[in-house]
Structure formats: structure tokens, C-alpha cells
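S.K.: structure, please.
(3 chains)
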Amino acid sequence: MIRTVMPRPGLSLTVFVLWAVITNAASLGQLVLGVVLAIVIPLLTRSFWPDPPRLVRPWRALRFMGVFALDIVTANWRVGRQVIGPLHRLSPAFVEVPLDLRDPFIATLLGSIVSLTPGTVSLHVDQQRWVLLVHALDAPDPQALVDEIKERYERALKEMFAC
Amino acid sequence: MLNAAIEIAFILIGAALALNLYRLIVGPDTTDRILALDTLGINCIALLVLYGISSRSTAYFEAALLLALLGFVGTVALCKFLLRGDISE
Amino acid sequence: MSAASEFLISALIVLGALFVLLGSIGLARLPDFLMRLHGPTKATTMGVGSVLLASAVFFSTTDPVGISLHELAPLFFLFITAPITAYLLGKAAMHRKSAARPAKPPAAPPRVSTNRQQGTADDG
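M.R.: Have a look, this model is predicted:
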């Protein structure tokens, strides 16, 4: 029944919270407008959204976000040091990460996460071979990088979304 | 202490803007220039927010948000143009 | 505003500005485009995020009305758009590189009007 009004509860919640945050939740009127937007926007944009798999372990997701925030800080520290250090010591490399997951939405999520963390930018998701193409700023040992990405992020995503 | 911190931050971000401008002018490729423009926009957001703190006014927040939105859309449009423009040649 | 929150705000501002500068140094200094991509996507995003957090703390502690969280909106927005920008720029750069290398002579005289859209599989 609620699904007909709100086909995507998660998206609706995100829209509402974002609206409340932008307007600083200043008045009741703004909150009501937020509810209206949270209902209208998901309905209007329904056809654009892919079907994401269900989040089965929300607590795991929260813990993962904490780990991820810490990773962003340490990653930036590392990149910052590399950038002002001697450049000839860097060994940039293209690395192909074979994926175990088979969901386009989660693969995109993994790509975004990889882009925000340690010296890596994801450039391509090959959906025929299920390979993530990653460019690393400094990867003297590409296999270690692949293992780190798979171990640290892909496994967590797989556990969270059960795919 | 806060005012000193803001002054220092203004200088650091100003230097960052100069470096972005250098990359914007030198190039060498179009993608470099797009990246430099994008970074310039994001640094301007930081500058605006800092100015908002130093003048104790929340009025600059909306400008920062708009800059973030438009900068992203502009960068995506330019990238798409590069991808399509080359393909159709 | 207490001394502790003033210290926190100052630290966040200086740290953020430092990371913004580091990102731009990376952009100006690194030798190859794909390497340059790393500086702005990570360091600059985090630097701006840090400054925005400082602003949120500042207006929360000085404003008599209460907490101010609206700086979190651009923060959230920057963090979800940075990977997309990096991905598209990287794609465009690789595309231009692969388009420039073979340097095929035009087989037929180029006609302007036949603008064939041979989009790649994931394009658009």
C-alpha cells in the first residue's frame, strides 16, 4: 500500500532529509514541503532508477561508512605526501580488478568508493567480463592493491547487500 | 585565533587558485583544462564558505550550493561533448 | 563560542585549506593527466568538506537559534559528484588518447551533415 505512494522509501527519505538540511528545518511549512517533495520526486523520476538490491544489513553499512570516512582521511594524507614528495618515485599503473559481484548498481557504488580512496580512480566497469579498471597513482605492487580493494570494500558491499 | 586561521586559509586557497589557473592556461590537453576549471569552481566554494564565516553571514551558503551544482553539470556536459564530439568525427 | 569550539573550527579551516592547496599542487605538478586526476578528486573534495564542516560548527555555536546543518548538503553533493567527474574525465582522456594515436586518414571526404552517433555501450 505504501509502495504505491512511495515506490522508493530510501530515496524519499534521502530527499526529505536533504530538504530539511538545506532549509535548516526552519519552519513547519518547510517540513511539509519536504514531505511533498519526497513523494513527488521519486514518482516523477521512477523510470530513471535502476533496481538496487535490498540492503540486508544496515548496521554493517553504518560501520562500513565509519571505516570509509577514516579511509578517506588517511588516503588524502598519503596522496598529499606523495604529491609534494619526489615525483620520480611514483609508479602509476592501470590495474584490473576482477569482480565477484554481478550487480550494476553495486559495481557503480564500488567504483565511486574506489575513486574516493587511496590513490586510485576507477575508470571503467566492464559488464561483460565484470572487471573494474582502476588507475593508481602509486602502485609498486598491483596485486596487493587488487587484494586490498577486494578484501576491504567489495566483500563489505557483498555482505551488506547480499548479492 | 579564528581570524588568524581564516587569514591563513585565504592565503592557502589563493595559492591553490593560482596553481589551477596555471594548469588552465598551460593545458596541454582539453581534459586538463576541464579538470582545472572544475577544481577552480570547487576551490571557489571553499573561498565563499570561508568568506561567509569571516563576515558572520549565512547568505553565501546558497551561492556555494549553486556553484557546486552548476560546476558539476558544466563539467559533465563538457566531458560528454568530448566523448561524443570525437566519436562522430 | 567557547575556546574549544574556536580551536576546532580553526583547525578544520586550516586543515581544509591545506588539503585544497595540496590538491591544486597535485594538479599543477604531476606529469601525466591520469595522475593529475588524483589530486583534485580526493584532496580538494576533502579540503572543501573540512571547510564546510568548520562552517557548520561555527554557525551552530554562534547562532542563537540553534544548530545549523545546511552545510551538509553541499558536502554530501560534492562527495557523490567527485567520483563521477573523475570517471567522466578519465574516460574522455582515454578516449582522446585512443582517438589520436592511430591517426587514420579519412577514407571518404568528410560530410558534415551525416553525424553518425556510434555511441559506446555505456555512453549516455
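
S.K.: residue B:73: helix or strand, and which one exactly?
M.R.: Following DSSP states H and E, the helix or strand that holds residue B:73 is helix B:60-87.

S.K.: just the buried residues of that helix, please?
M.R.: Residues of helix B:60-87 classed as buried under the neighbour-count rule (16 or more other C-beta atoms under 10 Å in any protein chain shown) are B:60-61, B:64-65, B:67-68, B:71-72, B:75-76, B:78-79, B:82-84, B:87. C-beta coordinates here come from the backbone N, C-alpha and C atoms, glycine included.

S.K.: next: stretch B:25-35.
M.R.: Of all the residues in stretch B:25-35, those buried under the rule 16+ other C-beta under 10 Å are B:30, B:31, B:32, B:33, B:34, B:35.

S.K.: and these, which two are the farthest apart?
M.R.: Of all pairs drawn from the buried residues of stretch B:25-35, the one with the largest separation by C-beta to C-beta is B:30 and B:35; the distance is 9.7 Å.

S.K.: distance from the chain centre to stretch A:152-163, please.
M.R.: Relative to the centre of its chain, stretch A:152-163 is centred 12 Å away, using C-alpha atoms, centre = their mean, to the nearest Å.

S.K.: that stretch near chain C at all?
M.R.: No - in terms of C-beta under 8 Å from any C-beta of the partner chain, no part of stretch A:152-163 sits within range of chain C; the closest distance is 12.9 Å.

S.K.: ok, now stretch B:64-83?
M.R.: Yes - applying C-beta under 8 Å from any C-beta, one finds stretch B:64-83 touching chain C at B:64, B:65, B:68, B:69, B:72, B:75, B:76, B:79, B:80, B:82, B:83.

S.K.: identify the farthest-apart pair in these.
M.R.: Using C-beta to C-beta, the residues of stretch B:64-83 next to chain C span at most 29.0 Å, a distance reached by B:64 and B:83.

S.K.: tell me the SS of residue 7?
M.R.: You didn't pick a chain, so chain A it is. Going by DSSP: H, G, I helix; E, B strand; the rest coil, the secondary structure assigned to residue A:7 is coil.

S.K.: and it, what's its pLDDT?
M.R.: Reading off the confidence values, residue A:7 has pLDDT 70.

S.K.: near it, how many other residues are there?
M.R.: Per other C-beta atoms under 10 Å in any protein chain shown, the neighbour tally for residue A:7 reads 14.

S.K.: tell me how many other residues crowd residue 47.
M.R.: Reading this off chain A. Under the neighbour criterion other C-beta under 10 Å, residue A:47 is assigned a count of 5.

S.K.: ah, no, chain C please
M.R.: Neighbourhood size, residue C:47 [other C-beta under 10 Å]: 30.

S.K.: same question for residue A:11.
M.R.: As a burial measure, the neighbour count of residue A:11 was computed by other C-beta under 10 Å and equals 17.

S.K.: surely it meets residue A:42?
M.R.: Yes - Residue A:11 lies in contact with residue A:42 (C-beta atoms under 8 Å); the separation is 4.8 Å.

S.K.: report the central residue of chain B.
M.R.: Geometric centre of chain B, nearest residue: residue B:41, 1.7 Å, by C-alpha atoms, centre = their mean.

S.K.: check contacts around that one.
M.R.: Contacts for residue B:41 (C-beta atoms under 8 Å, 6 or more residues apart in numbering or on different chains) come out as B:67, B:68, B:70, B:71, B:74.

S.K.: where's the residue in chain C that chain A sits nearest to, which helix or strand?
M.R.: Residue of chain C nearest chain A, by C-beta to the nearest C-beta: residue C:83 (3.6 Å). Secondary structure assignment for residue C:83, by DSSP H and E: helix C:72-100.

S.K.: surely residue A:56 forms part of a strand?
M.R.: No - with three-state DSSP as the criterion, residue A:56 is located in coil rather than a strand.

S.K.: what about it, how many neighbours?
M.R.: A count of neighbours around residue A:56, defined by other C-beta under 10 Å, yields 12.

S.K.: and if you look at residue C:72?
M.R.: Look at residue C:72: counted by other C-beta under 10 Å, it has 17 neighbours.

S.K.: with residue A:126 instead?
M.R.: Look at residue A:126: counted by other C-beta under 10 Å, it has 15 neighbours.

S.K.: correct me if wrong: it contacts residue A:111.
M.R.: No - with contacts defined as C-beta under 8 Å, residue A:126 does not count as touching residue A:111, sitting 11.2 Å away.
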